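Asker: Model the following, please.
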Amino acid sequence: MTALLALSRAIDQINESVGKLVGWLVLAAVLISSGNAIMRKAFDIGSNAYLEIQWYLFAAVFMLGSGYVFLRNAHVRIDFVSTKLSARTNAIIDTLGILLFTIPLCLILIYLSWPVFERAWVSGEMSQNAGGLIRWPALLLIPLGFGILLLQCLSELIKRIAFLRGQRAHPFTEFEDKLEEQKFAEALAAEAAAREQARLVAQRGQTP
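Answerer: I've put the predicted structure just below:
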């Protein structure tokens, strides 16, 4: 398990770096989008290439950022259910979800999307729009994005199993730079859990 945890940390570092890169891609998309709008409105100059690079950047942010979101435990959860369950129960649910759904989904989509990218690469497929871009970079983002997510799935699976075996204090990676909203939500959840615990203790004390 020590070697697996080291592998998990290495994967986490990769997705942390990818997440920082994605942040710069967001900035690039905003600058290109605003510059394109200014050129079109002020000088009546437009380009399909500029429009399509915005789409490519958006696709890159969406596809490449999925592993980073999983690493940061920022994906969508049913909070009103998960906050009522113990950390161990949530870890078991996560483990089953990763094994039964997320990993198979990643493998299927990598398998299906790679030939599409390969055909575009070999043929040099271009956009059907005049002045548009070559297609293979956008199509490569699909298997690449799900490959990155698959790696993070393996990392999270290792962490959940280590937690269930008592070899980790937390089922996922803890970060110091959480958003204030996340800290507030966690504080509320902890307060609600404490109140519920106090209620149960008081209830047991009143039972004859």
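Asker: confidence score at the closest residue to residue 127 other than its chain neighbours?
Answerer: Take residue 127 and drop its neighbours on the chain: the residue closest to it by C-beta to C-beta, 6 or more residues apart in numbering is residue 133, 5.5 Å away. For glycine as for every other residue, the C-beta is placed from the backbone atoms N, C-alpha and C. For residue 133, the pLDDT comes out at 87.
Asker: repeat for residue 19
Answerer: pLDDT at residue 19 comes out at 90.
Asker: Also residue 83?
Answerer: pLDDT, residue 83: 71.
Asker: can I see the domain layout of the protein?
Answerer: Domain segmentation of the chain under automatic domain parsing yields 2-174, 178-208.
Asker: need the least confident one among these, by mean pLDDT.
Answerer: Across the domains of the chain, domain 178-208 gives the lowest mean pLDDT, at a mean of 66.
Asker: Output the contacting helices and strands for the longest helix along the chain.
Answerer: Longest helix in the chain by number of residues (criterion: DSSP state H): helix 2-43. When contacts are defined as 3 or more C-beta pairs under 8 Å, 6 or more residues apart in numbering; DSSP states H and E, helix 2-43 packs onto helix 48-64, helix 66-71, helix 136-164.
Asker: check contacts around residue 147.
Answerer: Neighbouring residues of residue 147 by C-beta atoms under 8 Å, 6 or more residues apart in numbering: 106, 110.
Asker: Perfect, I'm done here.
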